[in-house]
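Peer 1: Output the structure for:
(2 chains)
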Amino acid sequence: NAGVTQTPKFRILKIGQSMTLQCTQDMNHNYMYWYRQDPGMGLKLIYYSVGAGITDKGEVPNGYNVSRSTTEDFPLRLELAAPSQTSVYFCASSYNPGQPYNSPLHFGNGTRLTVT
Amino acid sequence: QKEVEQNSGPLSVPEGAIASLNCTYSDRVSQSFFWYRQYSGKSPELIMSIYSNGDKEDGRFTAQLNKASQYVSLLIRDSQPSDSATYLCAVNISNRGFQKLVFGTGTRLLVSP
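Peer 2: As a prediction, the model looks like this:
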C-alpha cells in the first residue's frame, strides 16, 4: 500500500518558470490537500478538494492552481514561479474530516522547491 | 483571530519531565482534533486524535479536549530526547458546507538529557 505519493522530491526553478507537483493516493480518500511549510513555520493550506471535480481555496492560493479529474490524483500547478514560493510542499489525503474517526490526514513525503 | 493558535516555543523540558503543549481554535462546531509530530525535514505523523470532551490516553501521551473553552492540549509524560520535535495541532474547520483541516504554527519541544 503506497499511501500518498508525491513527485518530485526536490526541484530548483528559475523565476518565471512553471511546474506541476504531482500527488496521487491509493486509499480511495475523497479529500485531498496541498499545504506549504516555510522554514520554522506550520502548515498553510493552499488548496483542497472534496472529491473529483470539486476544489476550493485555502489560506494561501495565490500563484497556484489545482485540478481534480480523478479520485486518485491532485496535481498542484505553479505558473510563474516566484522566490516567495520557495517552500516545502506537502500533499495529504483523508476521508471526510467532518466525520470523526474518518478524518486523520495521511501525508506524502513532501517536495522541496527552491525558486531562484 | 487565527483559526488555530499555538505557542511557537521552544518549550524546553528535562528528560523525564512532563511536557504540556496547548492549542486554541476558533470554530465552535469543530469535531475532530489531532496532534501531529514533525521531525526536522520529515512529514508530519499523527500521534493522537480526540473527538470528545475529556482526556484520551495512549502510552505516554494524553490529549485533553475542552470544547466549551475551545482548547485542546497534549501532555507527554516521561519526556525523552527522542520526543524533541515540532508538535502541530490540527482542527477541522467548517467552510461553506465543506470541512477542512487547519494546522497551527506548531510548538517546538526540546527535551534535554
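
Peer 1: Which residues of chain B lie near chain A?
Peer 2: B:6, B:31-32, B:34, B:36, B:43-46, B:49, B:51, B:88, B:90, B:92, B:94-96, B:98-106 (Cβ under 8 Å from any Cβ of the partner chain). In short, each C-beta sits where N, CA and C put it, glycine included.

Peer 1: count of residues packed around B:Ser94?
Peer 2: Neighbourhood size, B:Ser94 [other Cβ atoms under 10 Å in any protein chain shown]: 15.

Peer 1: any idea which element it lies in?
Peer 2: strand B:85-95 (DSSP states H and E).

Peer 1: Centroid-nearest residue for chain A?
Peer 2: Note on chain A: the residue nearest the mean C-alpha position is A:Trp34, at 2.5 Å, using Cα atoms, centre = their mean.

Peer 1: Wait, it touches A:Ser93, no?
Peer 2: No. With contact defined as Cβ atoms under 8 Å, A:Trp34 and A:Ser93 do not form a contacting pair (10.6 Å).

Peer 1: Touching both of those two, which residues are there?
Peer 2: Common contacts of A:Trp34 and A:Ser93 (Cβ atoms under 8 Å, 6 or more residues apart in numbering or on different chains): A:Phe74.

Peer 1: Please enumerate the strands of chain A.
Peer 2: Secondary structure of chain A (DSSP state E): strands at A:4-7, A:10-13, A:19-25, A:31-37, A:43-51, A:54-57, A:64-66, A:76-78, A:87-94, A:106-107, A:111-115.

Peer 1: Export the ones you listed as TSV, with columns for distance to chain B and mean pLDDT.
Peer 2: Formatted as TSV, the strands of chain A follow (distance: least, Cβ to the nearest Cβ, whole Å; pLDDT from 0 to 100):
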stretch	distance to chain B	mean pLDDT
strand A:4-7	9	96
strand A:10-13	12	96
strand A:19-25	13	97
strand A:31-37	7	94
strand A:43-51	4	91
strand A:54-57	6	92
strand A:64-66	14	97
strand A:76-78	16	97
strand A:87-94	6	95
strand A:106-107	4	92
strand A:111-115	9	96
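
Peer 1: okay, those strands, which one's buried deepest?
Peer 2: strand A:31-37 (a mean of 26; mean count of other Cβ atoms under 10 Å in any protein chain shown).

Peer 1: Fine by me, we can end here.
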